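In: Please work out how this folds:
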Amino acid sequence: MRADAARNLAAVLTTGARMLAADPGVSVAGIAAEAGVDRRTVYRRFTNREELLAAIYEARLSAIEQALEDARLREAPIAVALHRYVENIIVINRTWPVDLARMLADGEVRRRRDACLAEVDTFLRRAAEEGMLRRDPPPGWAQSLLVELVNLAAQQLPHLSAGRAADVVVDMYLRGMGPQAT
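Out: Have a look, this model is predicted:
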């Protein structure tokens with residue numbers, strides 16, 4: 001793909017993600033105009049709106065999978081892996097603010113999303129086993145709380161870099177979910 005075509009595609013996908021998060025009914029023409037490309041450029045790449053939507057969700061899911069790999073959740077020290085994961089996901093949430101729930105009817109998307117969630121769950125169990133997190137919260141609580149804090153940081157702390165927002169999330173998370181003082 002030519003460099004200008006790659007830039008146009010990236011602009012269409014990220015603009016589409018942002019606009020869809022604000023208005024799920026946004027038109028392809030609206031996305032194209034906001035991305036600074038002609039509507040025909042979009043339709044040459046995607047034959048219909050659903051193909052464009054699928055590409056946006058695919059890009060978000062691929063970014064999440066890469067973020068998990070980059071965080072090295074299985075081998076990096078817990079604090080390092082947690083910060084990397086949170087920072088990466090904040091960047092993704094800011095770049096791709098669409099919710100994957102819309103695409104979960106697709107079996108492959110659901111399988112990939114569930115694999116990502118399982119990877120984070122395995123990491124959080126390791127963190128508890130190593131004494132970095134409490135062992136007593138209800139099942140799923142540690143992951144749900146982390147997801148919510150990351151989402152809040154991505155949305156409500158736009159003035160902070162992803163790294164600084166991750167500092168805030170990790171500090172708050174470990175204060176709430178960290179081992180209890182005796």
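
In: which other helices and strands contact the strand or helix carrying L61?
Out: Element membership of L61, judged by DSSP states H and E, is helix 49-71. Applying 3 or more Cβ pairs under 8 Å, 6 or more residues apart in numbering; DSSP states H and E, one finds that helix 49-71 contacts helix 3-22, helix 28-35, helix 78-95, helix 107-129. Where C-beta positions appear, they are placed from N, C-alpha and C, glycine not excepted.

In: That one - what's its average pLDDT?
Out: In this model, helix 49-71 has an average pLDDT of 92.

In: got the domain boundaries for the protein?
Out: 1-47, 54-177 (automatic domain parsing).

In: need the ones you listed in JSON lines with mean neighbour count, can you?
Out: Shown next, in JSON lines, are these (neighbours: other Cβ atoms under 10 Å):
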{"stretch": "domain 1-47", "mean neighbour count": "15"}
{"stretch": "domain 54-177", "mean neighbour count": "16"}
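
In: Least reliable of those by average pLDDT, please.
Out: domain 1-47 (a mean of 88).

In: how far does that domain sit from the chain's center?
Out: 20 Å (Cα atoms, centre = their mean, to the nearest Å).

In: now do stretch 127-135
Out: Worked out by Cα atoms, centre = their mean, stretch 127-135 lies 24 Å from the chain centre.

In: List the contacts of it.
Out: Residues from elsewhere that reach stretch 127-135, judged by Cβ atoms under 8 Å, 6 or more residues apart in numbering: I78, A79, L82, L124, A142, L174, M177, G178, P179, Q180.
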